[in-house]
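S.K.: Attaching a predicted model along with its sequence, questions to come.
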Amino acid sequence: MILNSPGDIDLSRLRLIAFDLDGTLVNTHVDYSNLNSVNDFILRPLGFPVDEIWEDRDRTSRQPLYEWLEHHGRSSERAALDKLLDDRCLAIEKLGAEGSSIYNGIVDTLRWLKENGIKLGLVTRGGHEYAILLLTEYGLLEFFDVIQGRDDFGYQDAKPSPKAMYHLADALDVEPSDMLYVGDSPTDYMSARDANVDYAGVMTGRGSVELWASMDPKIPIIPTAADVRSLM
């Protein structure tokens, strides 16, 4: 079931379909307010001038921290700080996995796609370990050719960066233009759009008709990720 026109997507050329995880394949309960304040939670007690580093910039981005470290000759601390921040994020994500549930029809759809020769990838802003945990829990691990978390290529290459899509396409030897990404959030859409990857928005998680219409009226909207078959 498609809730609007697929627009300019040439579905016949698709070689790879990739999915977001939280809110797209699995209904999780991650505390995003807690997740988005990780920089504050970890760095302020260590004496970092958090307000000075970020000022009016996005507090969920680590780029201001990296720039501050470089400016103060402390770039050697970057890897250790990334580890502290990633460990805290992973703990929050694992807590949010408790009581989660898979959306109806996901297993059947992934099996159908694989049987029809479509490569499958997963690109999440969550940690790789967290993704493996959820995919194993719901019997989805076997379907994916590549599983990619925010910590696989460094935080700055994670969504909404288009590099997240480029890394997946490279891993599976597919052109970004021959790929479809399915997600539930603006972050998902921006990563795909900026990488010239076709996108379909779901109405689960943070997705809605109103959200996708406000982002781009040409975005194909499907009720859940299981309905991606209706685009083929």
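M.R.: Cool, got the structure.

S.K.: How about residues contacting the helix or strand containing residue 64?
M.R.: According to DSSP states H and E, residue 64 maps onto helix 63-71. Here helix 63-71 makes contact (CB atoms under 8 Å, 6 or more residues apart in numbering) with 39, 43, 48, 52-55, 57, 75, 77-78, 81, 156. From N, CA and C alone the C-beta is placed, and that goes for glycine too.

S.K.: What residues of it count as buried?
M.R.: 64-66, 68-69 (16 or more other CB atoms under 10 Å).

S.K.: any idea of the pLDDT on the residue lying closest to residue 128 once chain neighbours are set aside?
M.R.: The shortest distance from residue 128 to any non-neighbouring residue, by CB to CB, 6 or more residues apart in numbering, is to residue 149 (3.4 Å). Here, the pLDDT recorded for residue 149 equals 95.

S.K.: just to revisit the earlier point, return the subset of the contacts of helix 63-71 lying in helices.
M.R.: Counting by DSSP state H, the contacts of helix 63-71 place 39, 43, 52-54, 78, 81 in helices.

S.K.: Switch those residues over to JSON lines; also include distance to residue 136 and neighbour count.
M.R.: As requested, the ones in helices among the contacts of helix 63-71 are exported to JSON lines (distance: CB to CB, whole Å; neighbours: other CB atoms under 10 Å):
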{"residue": "39", "distance to residue 136": "29", "neighbour count": "22"}
{"residue": "43", "distance to residue 136": "32", "neighbour count": "18"}
{"residue": "52", "distance to residue 136": "42", "neighbour count": "9"}
{"residue": "53", "distance to residue 136": "37", "neighbour count": "18"}
{"residue": "54", "distance to residue 136": "36", "neighbour count": "19"}
{"residue": "78", "distance to residue 136": "31", "neighbour count": "15"}
{"residue": "81", "distance to residue 136": "29", "neighbour count": "19"}
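
S.K.: sorry, back to before: looking at the buried residues of helix 63-71, which is nearest residue 116?
M.R.: Set against residue 116, the nearest of the buried residues of helix 63-71 by CB to CB is residue 66 (42.6 Å).

S.K.: Show me the helices in the protein, by range?
M.R.: Going by DSSP H, the chain shows helices at 32-35, 38-43, 50-54, 63-71, 78-97, 106-115, 128-137, 163-171, 186-194, 209-215.

S.K.: right, so of the ones you listed, which gets closest to residue 23?
M.R.: So among these, helix 186-194 is nearest, using CB to CB, at 9.1 Å.

S.K.: contact partners of the closest one?
M.R.: Looking at what lies outside helix 186-194 - CB under 8 Å, 6+ apart - the contacts are 20, 24, 123, 125, 159-162, 164-165, 181, 183, 197-199, 201, 211-212, 215-216, 219.

S.K.: Distance check, residue 167 against residue 86.
M.R.: 17 Å (CB to CB, to the nearest Å).

S.K.: Check residue 217 too.
M.R.: 37 Å.

S.K.: So those two - more neighbours on which side?
M.R.: residue 86 (19 against 11; other CB atoms under 10 Å).

S.K.: So the more buried one sits against residue 152, correct?
M.R.: No: look at residue 86 against residue 152 with CB atoms under 8 Å: they stay out of range, at 11.0 Å.

S.K.: Return the helix or strand in this structure with minimum mean pLDDT.
M.R.: Ranked by mean pLDDT, DSSP states H and E, the weakest helix or strand in the chain is helix 32-35, scoring a mean of 91.

S.K.: so who does residue 37 touch?
M.R.: Contacts of residue 37 by CB under 8 Å, 6+ apart are residue 59.

S.K.: For residue 54, see how far away it is.
M.R.: For residue 37, the distance to residue 54 - CB to CB - is 11 Å.
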